[in-house]
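A.B. asks: Sequence and predicted model, in that order:
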Amino acid sequence: MPKNSTTLVSSDNGELISELRTIVGESSVIEDPAVMQAYCVDWTRRFGGPAVCVVRPGSTQEVAAVMRACAAVGVPVLPQGGNTGLVGGSVPAAGRSADGKPDDGESGERGEPGEPGAPPVIVSTRRLAWIDPVDELSAQVSVGAGTTLGDVQRHARAAGLEYGVDLASRDSATIGGTVATNAGGIRVLAYGMTRLQVTGIEAVLPDGSVISHMSGLAKDNTGFDLAQLLCGSEGALAIITAVRLRLHRPHGRTSVALIGCADYDDALTIIGTAASGRLVAAEVIDATGMRLVQDVSGLPYPLEQQHSLFALIEVADGGSGDGFVADVLEARDVVVAMDASGIERLWQYRERQAEGFDAWGIVHKLDVSVPLETLAACARELQTVIAEFPKVKEFGIFGHLADGNIHVEILGPPAEESDVDTAVLECISRYGGSISAEHGIGRMKVDHLDLSRSAEEIAAMRAIKKAWDPQGLMNPGVLLPVSGE
Ligand SMILES: Cc1cc2nc3c(=O)[nH]c(=O)nc-3n(C[C@H](O)[C@H](O)[C@H](O)COP(=O)(O)OP(=O)(O)OC[C@H]3O[C@@H](n4cnc5c(N)ncnc54)[C@H](O)[C@@H]3O)c2cc1C
């Protein structure tokens with residue numbers, strides 16, 4: 001991780017930079033280290049490194065010309081949206097000194113263009129922010145990749161529809177970034193992951209050619225589904241420039257309940273009972289997260305008794321939702337909200353979890369999933385595994401309970417140490433889980449991909465990467481290790 005902003009610029013690419021200026025205009029190429037800081041260091045502050053410059057193209061044609069210019073001189077390209085990714089995939093790798101060790105930020109030695117570790121050109125998609133009118137007949141909309149998730153949600157709502165993906169980072173995360181990471185979030189239970197919302201895509205390939213298939217046809221069996229291949233590709237295959245999205249009829253009124261639970265088995269029992277109702281969301285928070293959210297937000301403790309775990313569920317009214325609240329929750333320590341402001345207040349206990357942990361320093365964030373039947377046992381073992389690391393000061397678990405997706409947040413170990421991360425991922429693998437539920441592999445988990453995918457699957461992914469990106473220029477070191485790319 002860079003120590004200061006002067007380590008963020010790589011300056012041996014004068015000709016390339018002047019060509020990029022010609023393509024996108026003087027003001028859309030950023031070389032000022034102070035301004036580049038926001039693009040070169042990620043949201044977790046654990047990952048970051050030097051870049052040649054930041055380019056902000058304003059159209060698909062400009063993205064294609066930028067790609068061609070970089071490919072001609074063998075300079076890698078790193079697509080970036082809102083830079084809210086949590087696995088180091090949205091920022092350059094830390095510099096390497098001549099002996100191959102991570103650069104301390106002072107030696108000044110970097111990989112040369114074309115070599116593994118060479119600084120990339122960061123292509124920011126934020127200027128590709130446009131939204132077409134909603135097509136109400138098909139309930140679809142076409143948007144530029146740089147449009148924020150929040151803007152798409154508001155645009156859909158204005159047309160009486162709903163976009164099916166929602167994350168706490170909604171006002172910074174872009175549609176291109178959410179597609180590239182196949183983002184999940186708090187509505188997966190109701191609508192599925194981002195890939196289920198994508199009906200068409202436009203993208204620029206590493207040689208500058210543009211693929212565009214934006215018709216959004218409900219039936220279209222004409223070969224490989226390239227849009228789906230790009231979902232979860234983490235910038236390692238192409239730059240997504242536009243997306244056609246499926247929208248949904250809204251659920252109407254909902255109720256939210258925050259319920260004290262004895263343990264994960266107890267919380268899962270509630271979810272199992274609620275499955276017969278119209279469950280829209282089912283989240284979990286532990287006592288550590290509850291305390292840290294109260295510290296950072298000033299929110300009061302919401303229940304009467306103390307609990308080690310809390311389930312937050314949202315149920316659509318009109319079905320058996322009202323009955324669920326009355327029948328299942330009657331004997332429990334629970335608070336229920338039925339109006340918009342009460343619902344928003346209860347969601348804050350869940351949505352501000354990351355903020356609560358981040359307030360105390362660098363957080364090791366592990367986003368994992370396990371089969372629901374092993375979740376309780378796995379969570380118990382994780383607590384034992386993590387507690388064995390003497391540098392761990394505090395840790396907690398929150399997440400998307402019904403998806404078997406938990407976020408393990410660990411405070412204490414220095415940013416560059418990853419022993420505890422590895423121990424968590426190995427534990428998840430023993431329980432038949434995935435080392436990345438929704439954040440992606442990025443740089444953080446690239447050396448552990450084999451915990452979740454077989455050698456044959458990784459070889460197939462490498463073959464796809466080689467076919468799309470023969471020069472290995474697209475976000476090297478993210479998703480697949482550089483060696484063999
Ligand atoms: C407070 C907070 C809460 C979050 N909650 C959730 C959650 O509930 N669920 C969840 O899934 N994630 C969550 N995230 C993680 C993050 O918001 C998502 O991963 C999001 O999809 C990233 O979008 P972005 O535009 O910021 O992408 P970036 O961070 O800029 O990039 C992420 C990856 O996508 C690639 N990429 C970006 N744009 C493009 C493009 N146009 N073409 C090709 N590749 C591209 C990048 O190269 C990188 O590998 C959260 C993050 C924060 C900070």
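C.D. replies: Noted; the coordinates are in hand. Residues are numbered from 1 along each chain as shown.
A.B. asks: Show me the shaky parts of the stretch 201-350 of the chain.
C.D. replies: Judged by pLDDT under 70, the stretch 201-350 of the chain has its weakly predicted residues at 275-277, 318-328.
A.B. asks: Which strand or helix spans the residue of the stretch 351-485 of the chain found nearest the ligand?
C.D. replies: When scored by CB to the nearest ligand atom, the stretch 351-485 of the chain has residue 438 as its residue closest to the ligand, at 3.4 Å. No exception for glycine: its C-beta is placed from N, CA and C like everyone else's. Here residue 438 sits in a region with no helix or strand, counting by DSSP states H and E.
A.B. asks: so what's residue 82 up against?
C.D. replies: Contacts here follow CB atoms under 8 Å, 6 or more residues apart in numbering; on that basis residue 82 touches 126, 148, 169, 172, 173, 174, 177.
A.B. asks: quick one: contacts for the fifth one?
C.D. replies: For residue 173, the contact set (CB under 8 Å, 6+ apart) comprises 81, 82, 84, 148, 149, 167, 183.
A.B. asks: Just the local confidence number for residue 111, please.
C.D. replies: Looking at residue 111, its pLDDT reads 48.
A.B. asks: Just confirm residue 143 contacts residue 128, I think it does.
C.D. replies: No - using CB atoms under 8 Å, residue 143 makes no contact with residue 128, being 9.1 Å away.
A.B. asks: Mind listing the shared neighbours of these two?
C.D. replies: residue 242.
A.B. asks: Between those two, tell me which one has more neighbours.
C.D. replies: Neighbours per residue (other CB atoms under 10 Å) separate residue 143 from residue 128, with residue 128 holding more: 27 against 24.
A.B. asks: filter the contacts of residue 173 down to the ones close to the ligand.
C.D. replies: For the ligand, the contacts drawn from those by CB under 6 Å from any ligand atom are 81, 82, 84, 167, 183.
A.B. asks: how close does residue 47 get to the ligand?
C.D. replies: Applying CB to the nearest ligand atom, to the nearest Å, the value for residue 47 to the ligand is 11 Å.
A.B. asks: likewise residue 209?
C.D. replies: 15 Å.
A.B. asks: do residue 267 as well
C.D. replies: Noted for residue 267: a distance of 18 Å to the ligand, by CB to the nearest ligand atom.
A.B. asks: ok, the closest residue to the ligand within the stretch 1-150 of the chain - contacts?
C.D. replies: Closest to the ligand within the stretch 1-150 of the chain is residue 81: 2.5 Å, counting by CB to the nearest ligand atom. Applying CB under 8 Å, 6+ apart to residue 81 gives the contacts 90, 124-126, 145-146, 173-178, 180.
A.B. asks: who touches the closest residue to the ligand within the stretch 51-200 of the chain in this structure?
C.D. replies: When scored by CB to the nearest ligand atom, the stretch 51-200 of the chain has residue 177 as its residue closest to the ligand, at 2.1 Å. By CB under 8 Å, 6+ apart, the contact list for residue 177 reads 80, 81, 82, 84, 85, 90, 125, 183.
A.B. asks: Might one say that the last one is in contact with residue 164?
C.D. replies: Meaning residue 183. No - judged on CB under 8 Å, residue 183 makes no contact with residue 164 at a distance of 10.9 Å.
A.B. asks: Residue 347: neighbouring residues, count only.
C.D. replies: Neighbours of residue 347 (other CB under 10 Å): 19.
A.B. asks: what's the helix or strand for it?
C.D. replies: helix 340-351.
A.B. asks: I'd like to know which elements that helix is packed against.
C.D. replies: strand 254-261, strand 279-286, helix 287-297, strand 309-316, strand 334-337 (3 or more CB pairs under 8 Å, 6 or more residues apart in numbering; DSSP states H and E).
A.B. asks: I'd like those written out as a markdown table, with mean neighbour count added.
C.D. replies: As requested, those are exported to a markdown table (neighbours: other CB atoms under 10 Å):
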| stretch | mean neighbour count |
| --- | --- |
| strand 254-261 | 22 |
| strand 279-286 | 24 |
| helix 287-297 | 19 |
| strand 309-316 | 25 |
| strand 334-337 | 18 |
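A.B. asks: And the ones you listed: which comes nearest the ligand?
C.D. replies: Among the helices and strands packed on helix 340-351, the nearest to the ligand by CB to the nearest ligand atom is strand 279-286 (9.7 Å).
A.B. asks: Kindly check the end-to-end length of stretch 130-137 for me.
C.D. replies: 20 Å (CA to CA, to the nearest Å).
A.B. asks: Identify each buried residue in it, please.
C.D. replies: Using 16 or more other CB atoms under 10 Å as the test for burial, stretch 130-137 gives 131, 134.
A.B. asks: Residue 249 touches residue 164, doesn't it?
C.D. replies: No - Residue 249 lies out of contact with residue 164 (CB under 8 Å); the separation is 10.8 Å.
A.B. asks: and these two? which has more neighbours close in?
C.D. replies: With neighbours defined as other CB under 10 Å, residue 249 and residue 164 compare such that residue 164 has more, 21 against 9.
A.B. asks: tell me the contacts of the closest residue to the ligand within the stretch 201-350 of the chain?
C.D. replies: Residue nearest to the ligand within the stretch 201-350 of the chain (CB to the nearest ligand atom): residue 235, separated by 2.7 Å. By CB under 8 Å, 6+ apart, the residues touching residue 235 are 78, 79, 80, 89, 90, 180, 474, 475, 478.
A.B. asks: Direction included, what does the longest strand along the chain pair up with?
C.D. replies: Scanning the chain for the strand with the most residues, using DSSP state E, yields strand 239-248. The strands beside strand 239-248 in its sheet (DSSP bridges) come out as strand 140-144 (antiparallel), strand 162-163 (antiparallel), strand 198-204 (antiparallel).
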